[in-house]
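Novice: Please find the sequence and the predicted model below.
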Amino acid sequence: MTHIVIISGSNRSEAQSHRVGEIYAAMLKEQGASVDHISMRDVELPLWDEGKWSGAEPWPSVWAPVSERLKKADGFVVITPEWHGMASPQTKNFLTLCDGGELAFKPAHLVSVSSGTGGAYPIAELRMSGTKNNYLHWLPDHVIIRKVVDFEPGSNNEASPDWLVARITHGIKVLMAYAEAVKPIRENVVDLSVIKTGM
Ligand SMILES: Cc1cc2nc3c(=O)[nH]c(=O)nc-3n(C[C@H](O)[C@H](O)[C@H](O)COP(=O)(O)O)c2cc1C
């Protein structure tokens, strides 16, 4: 079974990113995936510091369980809110912490959410940076959910027209197909000891 891990990058208690993550989880399960959701609403990850590399506490106890969950993934859905025209600090910190091959050469469907009509900047930001050393593989088609508070698949309202929901379903199907297709590349070809960090 294809295993997809959803990362949602907002620590707000009322995070729409988390809510969208749960909607994606249900849609992924409908397509036959097994799903885990790592939500920054619920998982508090400290900002990177030297202890991450030297192995000082709290890193082993904080990061090891998250790292194990990520290593099980065949692919990812990464959801970032747009905050001040940027991807959230939690999303960037998360990408910084993934230096153990957890994401390497695995496909990811990128989603941004905005309560207004934004959402494009974090997509541009994350496509331009954030994957050099963790080797995450963004898929070509991303999704922007605007007026996210009203996003309710099936309602065909302004925030969730049927074409957008169809696009998300398509994105999920492509993600799952990629996740299976690239497994042999990771297992038989990729050697991270040769390319420890990206150029
Ligand atoms: C600090 C902060 C800055 C924000 N800046 C923007 C912004 O620049 N553009 C935008 O479209 N929405 C912005 N928003 C609104 C978010 O899009 C909104 O909170 C949305 O629900 C996604 O974030 P959430 O997952 O934290 O709920 C901002 C929200 C916060 C908390």
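Specialist: Great, that's in hand.
Novice: Just confirm Phe151 contacts Ala159, I think it does.
Specialist: Yes. Applying Cβ atoms under 8 Å as the test, Phe151 and Ala159 come out as touching, 4.7 Å apart. The way it works is simple: take the backbone N, C-alpha and C, and place the C-beta from them, glycine included.
Novice: list the contacts for Ile23?
Specialist: Residues in contact with Ile23, defined by Cβ atoms under 8 Å, 6 or more residues apart in numbering, are 151, 153.
Novice: doesn't it fall inside a helix?
Specialist: Yes. Ile23: assigned to a helix according to DSSP: H, G, I helix; E, B strand; the rest coil.
Novice: mind starting the numbering at 789 from now?
Specialist: All set: I'll call the first residue 789, so the last point we hit is now Ile811.
Novice: does the residue of the chain found nearest the ligand count as helix, strand or coil?
Specialist: For the chain and the ligand, the shortest gap (Cβ to the nearest ligand atom) falls at Gly906, measuring 2.5 Å. Of the three states, Gly906 takes coil under three-state DSSP.
Novice: in the chain, which spans are strands?
Specialist: 791-796, 822-827, 863-871, 874-875, 895-901, 925-926, 931-933 (DSSP state E).
Novice: okay, those strands in CSV with distance to the ligand, mean neighbour count and mean pLDDT next?
Specialist: Shown next, in CSV, are these (distance: least, Cβ to the nearest ligand atom, whole Å; neighbours: other Cβ atoms under 10 Å; pLDDT from 0 to 100):
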stretch, distance to the ligand, mean neighbour count, mean pLDDT
strand 791-796, 7, 26, 98
strand 822-827, 10, 18, 98
strand 863-871, 3, 26, 98
strand 874-875, 7, 20, 98
strand 895-901, 5, 26, 98
strand 925-926, 20, 17, 98
strand 931-933, 9, 20, 98
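Novice: coming back round to it: residues contacting the residue nearest to the residue of the chain closest to the ligand when sequence neighbours are not counted?
Specialist: Closest residue to Gly906 apart from its sequence neighbours, by Cβ to Cβ, 6 or more residues apart in numbering: Glu870 at 4.5 Å. By Cβ under 8 Å, 6+ apart, Glu870 lies in contact with 900-902, 906-907, 909-910.
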